[in-house]
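**Q** show me how the following folds:
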Amino acid sequence: MAGLAGGIVRGPEAEALRQPPARGAVHSADIEYAMANLGTNAVYAWAAEDEAVSELLQACYVNFVRTGDPNGPGVPAWPALSGDEGSQMMVIDQHPRAEPERHRDRYLLLDDLLG
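**A** Numbers count the residues shown, from 1 in each chain. All right, here's what the predicted structure looks like:
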């Protein structure tokens, strides 16, 4: 597959390289959610659910800035990280919830490499 200048690929090869549609939030989208400026990024078709997630994330950030704890009135319980095998992580989406962490081995590897 030979690309043109700048890596542009045309013809049948281009279709073979087409990426699947994006799912979920893109890398760095948390900034727009946290700063309540979803509307300034016209690339995405933000929905009412996005606004609700943004409001929740803002509330957690405000609580954390004020008290050092993201928990507070009107937000789901965000468990403290214990470092134990059964640690929970917070998922903030349309249905916010705490879930068991699934990648403990990755975190431990990073601790070993960076420690």
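**Q** all helices for the chain, in order.
**A** 12-16, 29-34, 48-67, 104-114 (DSSP state H).
**Q** ok, of these, where does mean pLDDT dip lowest?
**A** Here those differ in mean pLDDT, and the lowest is helix 12-16 at a mean of 77.
**Q** please identify the buried residues of that helix?
**A** In terms of neighbour count (16 or more other Cβ atoms under 10 Å), helix 12-16 has no buried residues at all. The way it works is simple: take the backbone N, C-alpha and C, and place the C-beta from them, glycine included.
**Q** distance between that helix and the chain's centre?
**A** 30 Å (Cα atoms, centre = their mean, to the nearest Å).
**Q** related to what we said a few turns ago, nearest to V91, of the helices of the chain?
**A** Smallest distance to V91 across the helices of the chain (Cβ to Cβ): 10.7 Å, for helix 48-67.
**Q** how about stretch 105-115: buried residues?
**A** Buried, per 16+ other Cβ under 10 Å, within stretch 105-115: nothing.
**Q** do the same with stretch 70-88
**A** For stretch 70-88, burial by neighbour count (16+ other Cβ under 10 Å) applies to 70, 75, 78, 88.
**Q** now the end-to-end length of it.
**A** 14 Å (Cα to Cα, to the nearest Å).
**Q** okay if I get the buried residues of stretch 70-88 as JSON lines plus pLDDT?
**A** Output for those, formatted as JSON lines (pLDDT from 0 to 100):
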{"residue": "P70", "pLDDT": "96"}
{"residue": "V75", "pLDDT": "95"}
{"residue": "W78", "pLDDT": "93"}
{"residue": "Q88", "pLDDT": "88"}
